[in-house]
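Asks: Please find the sequence and the predicted model below.
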Amino acid sequence: MHPAVGGDRASMLAFFRKNQVLLSSCFCLLLSLYILTAAARGQLRRDPVGPLLLWLLRPVEIGAQITIDWFKEMQNSYTTLSGFRGENERLRNRIQQLEVERNRLLEAEATNRRLQQLLEFRSHLPSDSVTASIIGNSASSWFQSCLLDKGSADGVNKGMGVVTPLGVLGQVVSVTGRTAKVLLLTDPSSGIDVLVQRTRARGIVSGSLDYGTILKYVKRSEDVQEGDRLITSGIDGVFPKGLLVGTVIKVRKQQLGLFQLIEVTPAVLASRTEEVLVVHPETSQEKN
């Protein structure tokens with residue numbers, strides 16, 4: 001055999017091996033076209049190979065149809081999923097809007113309830129009492145105060161008492177046209193004349209650097225116990241009589257000294273108070 005002929009055959013075999021998938025696909029495609037054309041012309045009845053080829057290609061046709069159906073189903077599922085995602089996002093935004101509205105309504109309800117309590121409490125105080133809101137707090141170990149949104153232009157003056165339905169908060173120590181500064185009863189420089197409600201023993205409630213809020217100047221012989229309520233005496237001309245100031249939490253009768261050491265929990269905390277009533281000293285005394 002001539003060497004050139006052997007080389008051509010080897011090249012052809014290598015070509016077929018390298019492109020057998022492509023050649024097989026082309027063969028199947030041409031065969032399918034032939035069968036379709038023959039079927040269209042009615043020649044398959046006289047061709048015994050046609051039906052055999054159709055039977056052999058039937059699994060391929062079924063597989064192709066299944067693949068097409070699967071892609072269609074995936075497309076429909078993606079479209080449906082996209083719709084669900086859009087609906088979920090809309091519902092999520094709506095839920096957030098409703099939550100904001102719910103919080104707003106709850107806050108409005110709480111504010112309305114506090115103002116209603118303040119209005120009812122005001123009916124027991126002098127008619128010229130001024131309603132105010134706390135707009136700032138300053139609490140340190142040296143000076144404890146808060147700032148009100150009402151001042152001299154609203155009828156608030158230095159020396160007026162500041163109270164809430166829960167009890168006494170403090171006393172106005174300075175004013176501007178639109179604001180007033182209140183010295184809290186927890187400040188060491190404050191002093192409120194009080195009665196022990198159970199025994200009518202008298203003392204002064206003020207702040208302390210060492211023990212928080214205390215009841216001072218109560219003699220050792222006086223009966224004061226934990227849980228006793230302290231109320232305003234009404235004789236200082238600042239607060240109406242009978243307002244709650246605090247509750248006794250600890251009593252110490254020291255071996256030396258004339259007075260007891262009594263620790264008190266204030267009835268009102270500025271950090272938890274939003275609205276107050278400012279009472280005129282002169283009229284509060286007349287009221288009693």
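Replies: That came through fine.

Asks: how much space between the residue lying closest to Ile192 once chain neighbours are set aside and Ile235?
Replies: Leaving out its chain neighbours, the residue that sits closest to Ile192 by C-beta to C-beta, 6 or more residues apart in numbering is Val205, at 4.8 Å. All C-beta atoms are positioned from the backbone trio N, CA, C, and that covers glycine. Distance, Val205 to Ile235, using C-beta to C-beta, to the nearest Å: 14 Å.

Asks: next one: Val264
Replies: According to C-beta to C-beta, Val264 and Ile235 sit 19 Å apart.

Asks: helices or strands up against the helix or strand that contains Gly170?
Replies: Gly170 is part of strand 167-175 when elements are defined by DSSP states H and E. In terms of contacts (3 or more C-beta pairs under 8 Å, 6 or more residues apart in numbering; DSSP states H and E), strand 167-175 is packed against strand 144-148, strand 161-164, strand 180-184, strand 244-252.

Asks: In this protein, where's the longest helix?
Replies: Ranked by residue count under DSSP state H, the longest helix found in the chain is helix 49-122.

Asks: Just give me the neighbour total for Ala201.
Replies: By the measure other C-beta atoms under 10 Å, the count of residues near Ala201 is 19.

Asks: pretty sure it is touching Val218, no?
Replies: Yes - counting by C-beta atoms under 8 Å, Ala201 does reach Val218; the two are 5.9 Å apart.

Asks: Give me the common contacts of these two.
Replies: Residues touching both Ala201 and Val218 (C-beta atoms under 8 Å, 6 or more residues apart in numbering): Val224.

Asks: before we move on, back to that, what are the C-alpha coordinates of the strand holding Gly170, in CSV please?
Replies: Provided in CSV are the C-alpha atoms of strand 167-175 (Å, rounded to 0.1, in the frame of the first residue of the first chain):
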residue,chain,number,x,y,z
GLY,A,167,-46.9,63.5,94.4
VAL,A,168,-44.3,66.2,94.8
LEU,A,169,-41.5,66.8,92.2
GLY,A,170,-39.8,70.0,93.4
GLN,A,171,-39.8,73.7,93.5
VAL,A,172,-39.2,76.5,90.9
VAL,A,173,-35.9,78.2,91.6
SER,A,174,-35.5,80.4,88.5
VAL,A,175,-37.6,81.5,85.5
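
Asks: List the buried residues for it?
Replies: The neighbour-count check on strand 167-175 (16 or more other C-beta atoms under 10 Å) flags 167-173, 175 as buried.
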